[in-house]
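Trainee: quick one: sequence and predicted model below, then my questions.
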Amino acid sequence: MGSRSSAEKMSLPLSRSEVFGELRKELDEEFGQSDTHVFIIMGASGDLAKKKIYPTLCRNTYISGRYGDKASFTKLHAHIQSLPGGADANRLFYLALPPTVYHDVSQNIRHHCMSVNSEELSSHLSTLFTEDQIYRIDHYLGKEMVQNLMVLRFGNRIFGPIWNRDSIACVVLTFKEPFGTQGRGGYFDDFGIIRDVMQNHLLQILCLVAMEKPASTSSDDVRDEKVKVLKCITPVTMSDVVLGQYVGDPEGEGDAKLSYLDDPTVPKGSKQATFATVVLYVHNERWDGVPFILRCGKALNERKAEVRLQFTDVPGDIFGNQCRRNELVVRVQPNEAVYAKMMSKKPGVYFSPEETELDLTYKSRYKMHFVRSDELREAWRIFTPLLHQIENEKPTPLPYKYGSRGPVEADELSKKVGFRYAGTYRWVNPHRL
């Protein structure tokens, strides 16, 4: 089997690797960049790094040092220089670090770890880095179902007329983990569940649900619309917040018996929240008055990340209050799915409605990932006053049992702002029956 000719390559579809190879060749020709890339990962000692980052790297070396120590970064620079092709390599710095050390780390990278080519480029700049040098990664933006929100919304005529306050009663965005901090409480305690999940992952998904149609699918056009949404959200107040902290379940097994405060890495008597429900409102023509309920927590009853749009009640009910609200659910993880909860007639001679679903389960058919600076600024504007109030006043979070749905007060807040939860229906993956 000889290599394919140029004419054959033009007529046949390229494989994934060939596409990336061609793109890389064009970039190298245009910018004269090195073929060698060095990825410097700082921090990344947690569970996510072990599962997602390190398995993608073919060769690793480890350098220890202190984030505020210039000599440590000089040592790092020397190590990179010593690697094959390291002197001319493109350097990508991945900072999986707490915000408290970002200032020192970025300064030390700028002054002690920039390659020659990057230094020549940076000499024309008045600040440390330009916007196009920085990639603020929210890994949830790379999830298939999160990206599918764009196509679901703007590629289907059926949803356009009903995706607004006239038809939608509330939107619930949920992130649940069935495990606790498991020895990482020392890190988690410095930041809490709002910074860990809500201000980034859930708020990014909210933007995709609430934004207007962008002019195109280009990253800047999409991010322009997301920023517009964020600017329409006022900062959170404590009256729209429920905070919780998990306690051990005496009847549970293993870690379920342990509370957050039983984690030896957690400071004694900590009031850090491991659960939060927050209600936000987007004050624009499309969404005015519709509550966006953000729920996230650790040590809950299941692993789940989803978007749930609950529609308003059917006016002029003729079925004796037997109809539940319609819902459109986008399940991000696990078991990626899209399904609509609908009312259907039970078999028989009577008009007896029951809940069922229109199944669009993703895996049955199929097997703008960065955040801009103004988007990041607006996202923090919404949550920073609340975070400062929590840090200053240190309210005691409500206890909830390991493996539960969270504090009952969170359900009461959701009900207060308009969410209806009957607990009578649970989606079952039809492809596992």
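Mentor: Good, I have the coordinates.

Trainee: wait, what's in contact with residue 282?
Mentor: By C-beta atoms under 8 Å, 6 or more residues apart in numbering, the residues touching residue 282 are 210, 229, 232, 233, 288, 290, 292. To be clear about C-beta, it is placed using only N, CA and C from the backbone, and glycine gets the same treatment.

Trainee: residue 154 now?
Mentor: residue 213.

Trainee: low-confidence bits of the stretch 51-200 of the chain, can you list those?
Mentor: Applying pLDDT under 70 to the stretch 51-200 of the chain flags residues 58, 114-145.

Trainee: what about the helices in it?
Mentor: Assigned by DSSP state H, counting those that start in this stretch, the stretch 51-200 of the chain shows helices spanning 70-82, 102-112, 116-122, 144-154, 185-189, 192-193.

Trainee: export these as TSV, with columns for distance to residue 377.
Mentor: Listed next are these as TSV, based on distance: least, C-beta to C-beta, whole Å:
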stretch	distance to residue 377
helix 70-82	27
helix 102-112	15
helix 116-122	23
helix 144-154	22
helix 185-189	25
helix 192-193	20
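
Trainee: most packed of those?
Mentor: helix 192-193 (a mean of 22; mean count of other C-beta atoms under 10 Å).

Trainee: and the contacts of that one?
Mentor: In contact with helix 192-193 (C-beta under 8 Å, 6+ apart) are residues 272, 273, 274, 275, 276, 296, 297, 298, 390.

Trainee: out of the residues you listed, which is nearest to residue 326?
Mentor: residue 296 (24.8 Å; C-beta to C-beta).

Trainee: which residues does the closest one bridge with?
Mentor: Here residue 296 sits in beta bridges with residue 175, residue 276, as judged by DSSP bridges.

Trainee: residue contacts, it?
Mentor: Residue 296 touches 174, 175, 176, 193, 197, 198, 202, 275, 276, counting by C-beta under 8 Å, 6+ apart.

Trainee: switch the cut-off to 10 Å
Mentor: Listed by C-beta atoms under 10 Å, 6 or more residues apart in numbering, the contact partners of residue 296 are 173-177, 193-194, 196-198, 201-202, 273-278, 305, 406.

Trainee: now do the end-to-end distance for stretch 249-264.
Mentor: Using C-alpha to C-alpha, to the nearest Å, the end-to-end distance of stretch 249-264 comes out at 18 Å.

Trainee: what mean pLDDT would you report for it?
Mentor: Averaged over stretch 249-264, pLDDT sits at 91.

Trainee: got the contact list for that stretch?
Mentor: Outside stretch 249-264, the residues touching it (C-beta under 10 Å, 6+ apart) are 178-186, 188-189, 244-248, 266-275, 298-299, 397, 399, 401-404.

Trainee: what do you get if the cut-off is 7 Å, keeping everything else the same?
Mentor: 179-183, 185, 245-248, 266, 270, 274, 401-403 (C-beta atoms under 7 Å, 6 or more residues apart in numbering).

Trainee: quick check: the two most widely separated of the contacts of helix 192-193?
Mentor: Top of the distance list for the contacts of helix 192-193 (C-beta to C-beta): 298 and 390, 16.9 Å.

Trainee: so those two - more neighbours on which side?
Mentor: The residue with more neighbours, out of residue 298 and residue 390, is residue 298; 26 against 21, by other C-beta atoms under 10 Å.

Trainee: that one contacts residue 276, correct?
Mentor: No. Taking contacts as C-beta atoms under 7 Å, residue 298 lies outside contact range of residue 276: 10.5 Å.

Trainee: ok, now which ones touch residue 112?
Mentor: 70, 73, 74, 77.

Trainee: so the last one sits against residue 113, correct?
Mentor: Yes. The criterion here is C-beta under 7 Å, and residue 77 meets it with residue 113 at 4.8 Å.

Trainee: give me the number of residues near the spatially closest residue to residue 101 that is not a sequence neighbour?
Mentor: Counting by C-beta to C-beta, 6 or more residues apart in numbering, residue 67 is the residue found nearest to residue 101 once chain neighbours are left out, at 4.3 Å. Each residue near residue 67 was counted by other C-beta under 10 Å, and the total is 18.

Trainee: sweet, I'm off.
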